[in-house]
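[1] fold the stuff below for me.
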Amino acid sequence: MYYYSHGAGSSQAPPPNPRRHRRRTHTIHRLADNDLVNDLAPLLTPEGRALLDEVRGTDPAQELAVATRLRRDHPAELVSAALGQARLRQRAVAKFGAADAERMYFTPHGVEQSTRASVATYRARRFGELGVTSVADLCCGIGGDAIALARAGIRVLAVDRDPLTAAAARANAEALGLADLIEVREADVTEVDVSAYDAVFVDPARRGGRGRIFDPEAYSPPLSWAVQVATSAPHAALKVAPGVPHEAVPDVAEAEWISDGGEVKEAVLWFGTEPGLVRATLLPGPRTLRSRGLPNPAVRPVGRFLYEPDGAVIRAHLVAEVAAEVDGGLLDETIAYVTADELRPTPYASAYEITDQLPFNVKKLKALLRERQVGILTVKKRGSAVEPEELRKKVKPQGPNSATVFLTRVAGAPTMLVGRPTG
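    Have a look, this model is predicted:
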């Protein structure tokens, strides 16, 4: 096993009753930090749409002045809702792109939990390659995945129990001209008949009142229910957290970890594809590394090059496949850094040329960086308790040159490796 993250522990909550999935509460939904709203209807009126166009791109620092001016001609609640929606749209640009985000409708949870458009587009393409023409999208949220599926020509039933969320999904389908392909239904997903659809996609809620949920059986609905639904359909995909334990993956499923721009976004369990396969997919591309059942690489001395595998590769436990590609070995049996004597570029890992190897010693590192006139310092760590910013403050880099320092272990010993990217 390799160290690949520094996440928090998980609490073992009892499995929830799937029949209580996203039950109705009297919680007041927020469309902005201080703006309360219970539905989107006012924003969907001609007056609301015109107001949204007017407040588009409003600088947060100018919101008070803009609100004061607009309230002379519009209801105060509508002005607050429009400004709150404009703020959410600005946040959503990173996931959906400006062209879509400026036309869509969001909730705070929808912005945080929706799938990035690039990932949803990739998944929709996979469904299409499987010959899927219709999908039941359960726990659809604001409709990010439904939009990607519809744009791939796939008919979608989008289901969510929460009234405001379902309203946002319906409004988004209409705003993007996809209402003919997307039927939005406000319902409990456990009570929906999906037998008429080629495939099922389930995106369970993985956040609770205390933050992220790490136990798959504490998802809403729980993973076991989602697997039961998935195995009843010709094809299915279940979106799960990237940290899902490998032992929680059913034998009949394919497990895929996806990163976008080097950042791990999610894991997906596929049904009706290749049972037992593990893969890491890197976007843009896509580029996919498939498991070959290789044994863990041997530990070897530090070579001229260090390879840092993509996070999806590490989460998928495919470091051995990367090591085989570059003819390398591990720095330490528990650390996901690969070292090799030759440079063999691979899309699945970033390569660095190592110039210096030091036992952990801040004074020696500081002297070396001063001698090299390093002022632009990148600090990476894996298997070290030292925080990068703490080290930067101690070494006080100065000068025109740049370097990368790896805080890690080599054959169990705390070590500092100094190098530079090869690309």
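[2] tell me the secondary structure at the most centrally placed residue in the chain.
    Nearest to the geometric centre of the chain sits residue 265, at 2.2 Å (Cα atoms, centre = their mean). With DSSP: H, G, I helix; E, B strand; the rest coil as the basis, residue 265 sits in strand.
[3] for the closest residue to residue 359 other than its chain neighbours, which residues are in contact?
    Spatial nearest neighbour of residue 359, excluding adjacent residues (Cβ to Cβ, 6 or more residues apart in numbering): residue 415 at 6.3 Å. No exception for glycine: its C-beta is placed from N, CA and C like everyone else's. Shown in contact with residue 415 (Cβ atoms under 8 Å, 6 or more residues apart in numbering): 331, 357-360, 408-409.
[4] residue ranges of the helices in the stretch 251-400 of the chain, please?
    With DSSP state H, counting those that start in this stretch as the criterion, the stretch 251-400 of the chain has helices at 311-315, 319-326, 362-372, 388-395.
[5] now the strands for the stretch 301-423 of the chain?
    Remark: strands assigned in the stretch 301-423 of the chain by DSSP state E, counting those that start in this stretch are 305-309, 329-330, 338-340, 349-359, 374-381, 401-410, 413-421.
[6] dump those into TSV; add mean pLDDT and distance to residue 47 as well.
    Below are the strands of the stretch 301-423 of the chain laid out as TSV (pLDDT from 0 to 100; distance: least, Cβ to Cβ, whole Å):
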stretch	mean pLDDT	distance to residue 47
strand 305-309	98	53
strand 329-330	97	63
strand 338-340	98	60
strand 349-359	97	51
strand 374-381	96	51
strand 401-410	96	54
strand 413-421	97	53
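[7] so what's the residue nearest to residue 359 bridging to?
    Residue 415 has these beta-bridge partners by DSSP bridges: residue 359, residue 408.
[8] so which of the helices of the stretch 251-400 of the chain comes closest to residue 153?
    helix 311-315 (27.4 Å; Cβ to Cβ).
[9] what's the offset of that closest one from the middle of its chain?
    Helix 311-315 sits 12 Å away from the centroid of its parent chain (Cα atoms, centre = their mean, to the nearest Å).
[10] list the buried residues of that helix.
    For helix 311-315, burial by neighbour count (16 or more other Cβ atoms under 10 Å) applies to 311-315.
[11] from those residues, which is closest to residue 145?
    Closest approach between the buried residues of helix 311-315 and residue 145, by Cβ to Cβ: residue 312, at 18.8 Å.
[12] my guess is that closest one meets residue 261, correct?
    No - if you go by Cβ atoms under 8 Å, residue 312 and residue 261 don't touch, sitting 11.2 Å apart.
[13] quick one, longest helix in the chain?
    helix 76-96 (DSSP state H).
[14] just the CA trace of that helix, in PDB.
    C-alpha atoms of helix 76-96 as PDB (Å, rounded to 0.1, in the frame of the first residue of the first chain):
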ATOM      1  CA  ALA A  76     -36.200  43.500  -2.400                       C
ATOM      2  CA  GLU A  77     -36.500  39.700  -2.200                       C
ATOM      3  CA  LEU A  78     -36.100  39.400  -5.900                       C
ATOM      4  CA  VAL A  79     -33.100  41.700  -6.000                       C
ATOM      5  CA  SER A  80     -31.400  39.600  -3.300                       C
ATOM      6  CA  ALA A  81     -32.200  36.400  -5.000                       C
ATOM      7  CA  ALA A  82     -30.800  37.700  -8.300                       C
ATOM      8  CA  LEU A  83     -27.600  38.900  -6.800                       C
ATOM      9  CA  GLY A  84     -27.200  35.600  -4.900                       C
ATOM     10  CA  GLN A  85     -27.800  33.600  -8.100                       C
ATOM     11  CA  ALA A  86     -25.200  35.800  -9.900                       C
ATOM     12  CA  ARG A  87     -22.700  35.000  -7.200                       C
ATOM     13  CA  LEU A  88     -23.300  31.300  -7.600                       C
ATOM     14  CA  ARG A  89     -23.000  31.500 -11.400                       C
ATOM     15  CA  GLN A  90     -19.600  33.200 -11.000                       C
ATOM     16  CA  ARG A  91     -18.500  30.300  -8.700                       C
ATOM     17  CA  ALA A  92     -19.900  27.700 -11.200                       C
ATOM     18  CA  VAL A  93     -17.800  29.000 -14.100                       C
ATOM     19  CA  ALA A  94     -14.800  26.800 -13.000                       C
ATOM     20  CA  LYS A  95     -17.000  23.700 -13.400                       C
ATOM     21  CA  PHE A  96     -19.300  24.500 -16.300                       C
END
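[15] check which helices and strands the helix or strand just after it sits against.
    Next helix or strand after helix 76-96 toward the C-terminus (DSSP states H and E): helix 98-101. Under the contact definition 3 or more Cβ pairs under 8 Å, 6 or more residues apart in numbering; DSSP states H and E, helix 98-101 sits against helix 76-96.
[16] and the helix it packs on, what's buried?
    For helix 76-96, the neighbour count (16+ other Cβ under 10 Å) marks 78-90, 92, 95-96 as buried.
[17] now that helix: mean pLDDT?
    Averaged over helix 76-96, pLDDT sits at 94.
[18] counting by contacts, list what it packs against.
    Helix 76-96 sits against strand 30-32, strand 35-36, helix 41-44, helix 46-55, helix 63-70, helix 98-101, helix 108-113, with contacts defined as 3+ Cβ pairs under 8 Å, 6+ apart.
[19] pick the most deeply packed of these.
    strand 30-32 (a mean of 20; mean count of other Cβ atoms under 10 Å).
[20] returning to what we had before: reformat the helices of the stretch 251-400 of the chain as CSV; add mean pLDDT and distance to residue 160.
    Conversion of these to CSV gives the following (pLDDT from 0 to 100; distance: least, Cβ to Cβ, whole Å):
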stretch, mean pLDDT, distance to residue 160
helix 311-315, 97, 28
helix 319-326, 98, 38
helix 362-372, 96, 52
helix 388-395, 94, 40
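[21] and the residue nearest to the centre of the chain, how far is that from residue 204?
    Residue 265 sits 16 Å away from residue 204, going by Cβ to Cβ, to the nearest Å.
[22] same check, this time on residue 165
    Taken as Cβ to Cβ, the span from residue 165 to residue 204 is 14 Å.
[23] got any ranges where this structure has weak pLDDT?
    Where the chain drops to pLDDT under 70, the residues are 1-39, 207-211, 213.
[24] let me know the closest of the buried residues of helix 76-96 to residue 341.
    Using Cβ to Cβ, those come closest to residue 341 at residue 95, 41.2 Å.
[25] and the nearest residue to the closest one once chain neighbours are set aside, how many neighbours?
    Once flanking residues are discounted, residue 95 sits nearest to residue 116: 4.8 Å by Cβ to Cβ, 6+ apart. Per other Cβ atoms under 10 Å, the neighbour tally for residue 116 reads 20.
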